[in-house]
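Student: One predicted model, sequence on top.
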Amino acid sequence: MSLKNIYVTMPTLAPLEEVNELMKGIWESGIMTHNGPLVQRFEKEVGEHLGVSNVVSCVNGTFALQMAIRALKLKGEIITTPFTFIATSNSILWEGCTPVFVDIDSETFNIDPQKIEEKITYHTVAIMPVHVFGNVCDIEVIDVIARKHNLKVIYDAAHAVGVNYKGKSVFQYGDISCTSFHATKMLNTTEGGACFTNSEELDAKLRRIRFFGFENHADIVEDGTNAKMTEVHAAVGLANLKYLDKALEDRKQKYACYKNELSKIPSLSFQKITEDCNYGYFPVIFKDEAELLKVMKALNDENIYPRRYFYPSINAFNRLFPYISMPISEDISSRILCLPLYYTLTISEIEYITSLLVKLLNETDFTLDR
Ligand SMILES: *Cc1c(COP(=O)(O)O)cnc(C)c1O
């Protein structure tokens, strides 16, 4: 049926005229970057919109994680999850720290807090959990463990724009939370990211780190870097921010549509999610990898391109880390597929995709029934 290609995601974009209007202002003022007026406005509006006070924007989500590690002066082992995008562990490596993997919970796909303590050593300095697909981690338990062992917590909240926990933005938890405004994420500035913290001191430090370590454009007080968001990126973000609520509502409906149709397939299972998640992704878990590959091939033949998020499990990248078995993460990685889900995807396209899955996966069951 589908003549055009359907990808796993497409960016949510404001009408071009609305971006152009902001671009005109940049061209008139000649201010392109350097914590300019649009970056300041973007940070303020993101903060108001999501209910967080300190928003430190930067070039991308990976750098946000690195700045967080830098700001907390971490040196040593950082406990993290193998079921994530490579940026999580790369940010740890780039800051000269060692990622230590802890396996995930088989239902939420987030780091299993029950397995954290056995990995804590004399060298452990922090925990970096990921709210996988916008599904909130076991924040309370992680907090208790961190306090008990005097560890910092940095949340990789790259998937979690628009996610709340106990009535607050999920960005309010941890010493620092980091998100991504990459084109494929819930809110995009093309490339971009941000750190969120409740500490004024850390907020100021992060601002210095992203600007070469300068304090008041005068003295250098940190070993900083250049991680500033530009005015052009902030303009795209400001225009797109107006559509965030609509996009979140849209995702929720489309998620429900998928779930409703696919629940008819007994061999499929789904991520156990928290109520206030953002429905940013629609992952399905097959009974085995062979079934996943069969479905992927059939969808690709129809120009539909779901993605294997996350495959392989990060602990299997053995040029980067010595291999340590993570059975649950490896098992889920081998069987999980994210189906197309984005603002301009139509309900009839979803129905077409689900009908293909029903046909492919329920065929055998029906023949057995007869
Ligand atoms: C996208 C992503 C990042 C990195 O964000 P970028 O803005 O692409 O650098 C980090 N962690 C996770 C889990 C992600 O999905």
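Tutor: On my side now, so go ahead. Everything numeric in this text was worked out from a predicted model, so none of it was measured.
Student: how close does T80 get to E201?
Tutor: Look at T80 and E201: by CB to CB, to the nearest Å, they are 25 Å apart. Every residue, glycine included, has its C-beta placed from N, CA and C.
Student: Quick check: K259 touching F270?
Tutor: Yes. K259 lies in contact with F270 (CB atoms under 8 Å); the separation is 6.9 Å.
Student: where are the low-confidence patches of this structure?
Tutor: By pLDDT under 70, the low-scoring segments of the chain are 1-3, 364-370.
Student: Tell me how it divides into domains.
Tutor: Domain ranges of the chain: 6-11+244-361, 16-241, per automatic domain parsing.
Student: how long is the first one end to end?
Tutor: Domain 6-11+244-361 has an end-to-end distance of 21 Å (CA to CA, to the nearest Å).
Student: likewise the last one?
Tutor: End-to-end distance of domain 16-241 (CA to CA): 14 Å.
Student: Does the ligand have contacts with that domain?
Tutor: Yes. Domain 16-241 is in contact with the ligand by CB under 6 Å from any ligand atom, via 60-62, 84-85, 87-88, 130, 156, 158-159, 180, 182, 193.
Student: which residues touch stretch 166-180?
Tutor: Stretch 166-180 is contacted from outside by 50-52, 60-62, 64-65, 67-68, 71-72, 87, 131, 136, 139, 143, 152-158, 160-161, 163-165, 185, 192-199, 202, 206, using CB atoms under 8 Å, 6 or more residues apart in numbering.
Student: Just the buried residues from these, in PyMOL please.
Tutor: The following PyMOL line selects those of the contacts of stretch 166-180 that are buried, judged by 16 or more other CB atoms under 10 Å:
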select buried, resi 50+52+60+61+62+64+65+67+68+71+72+87+131+136+139+152+153+154+155+156+157+158+160+161+163+164+165+185+192+193+194+195+196+197+198+202+206
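Student: tell me which element I154 falls in.
Tutor: strand 152-156 (DSSP states H and E).
Student: Off-centre distance for that strand?
Tutor: 13 Å (CA atoms, centre = their mean, to the nearest Å).
Student: any idea which helix or strand carries the residue lying closest to L241 once chain neighbours are set aside?
Tutor: Distances taken as CB to CB, 6 or more residues apart in numbering put E45 closest to L241, at 5.8 Å, once the chain neighbours are dropped. Using DSSP H and E, E45 sits in helix 37-50.
Student: Residues contacting the next helix or strand after that helix, please?
Tutor: For helix 37-50, the following helix or strand on the C-terminal side (DSSP H and E) is strand 55-58. Around strand 55-58, the neighbours that count as contacts under CB under 8 Å, 6+ apart are 39, 42-44, 46-47, 64, 67, 181, 189, 192-197, 203, 206-207, 210, 227-229, 234.
Student: hang on, the earlier thing: and the contacts of the strand holding I154?
Tutor: Strand 152-156 is touched from outside by 61, 65, 68-69, 72, 74, 78, 80, 84, 87-88, 125-131, 137, 142-143, 146, 170-171, 173-178, with contacts defined as CB under 8 Å, 6+ apart.
Student: Can you say which of the domains of the chain is packed in most?
Tutor: Of all the domains of the chain, domain 16-241 has the most neighbours on average by mean count of other CB atoms under 10 Å, namely a mean of 20.
Student: Now do that one: distance to the chain's middle.
Tutor: 10 Å.
Student: show me what contacts K252?
Tutor: K252 makes contact with Y279, according to CB under 8 Å, 6+ apart.
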